[in-house]
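**Student:** Build me a model:
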Amino acid sequence: MTTIKEVRAEIEKIDHEIIELIHKRVDLAEKVLESKQKEGMQITDKGQNHVVLGRAVDAATEKNLDTSSVKEIFEILIRMSIERQHELSGEGNLP
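**Tutor:** This next block holds a predicted model:
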């Protein structure tokens, strides 16, 4: 039988993995920005944002997760990436 302490330790490990994945995702904003600048694209790409959100909702549906909550999480991730791109381009005010 698993104790609550063991379950919480597993949750903590997963939380750290999630943070690491968010960090990796935000770090990719620099490569995305470089590509967008080369192609003369704007930082905000509503079409791609729609694709990402659709993909997240589809994956959440497959896993039987609350799709509206997953969509909110991905909206935050998209916003973090856009903010990072603005900051890297000199337009933002984030650290």
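**Student:** these two touch, right, V70 and D58?
**Tutor:** No. Between V70 and D58 there is no contact under C-beta atoms under 8 Å: 9.8 Å. Heads up, the C-betas are built off the backbone N, CA and C, glycines and all.
**Student:** Same drill for these two, tell me which one is more crowded.
**Tutor:** Between V70 and D58, counted using other C-beta atoms under 10 Å, the more crowded position is V70 (18 against 12).
**Student:** Not counting residues beside it along the chain, what's closest to the more buried one?
**Tutor:** If you skip the residues right next to it in sequence, V70 has A60 as its closest partner in space, 3.8 Å away by C-beta to C-beta, 6 or more residues apart in numbering.
**Student:** Toward the C-terminus from whatever helix or strand the one you found lives in, list the very next helix or strand.
**Tutor:** Following DSSP states H and E, one finds A60 within helix 46-62. Using DSSP H and E, the next helix or strand after helix 46-62 towards the C-terminus is helix 67-88.
**Student:** one step back: where's the residue nearest to V70 relative to E30, distance?
**Tutor:** Separation of A60 from E30 (C-beta to C-beta, to the nearest Å): 28 Å.
**Student:** rewinding a little: what's the burial count for the residue nearest to V70?
**Tutor:** The number of residues packed around A60, counting by other C-beta under 10 Å, is 18.
**Student:** Quick check, it in contact with F74.
**Tutor:** No. Taking contacts as C-beta under 8 Å, A60 lies outside contact range of F74: 9.1 Å.
**Student:** How about the residue most central in space within the chain: what's its closest non-neighbour residue?
**Tutor:** Residue closest to the mean C-alpha point of the chain, counted by C-alpha atoms, centre = their mean, is L77 at 3.1 Å. Counting by C-beta to C-beta, 6+ apart, L77 lies nearest to R25, which is 6.2 Å off, once chain neighbours are set aside.
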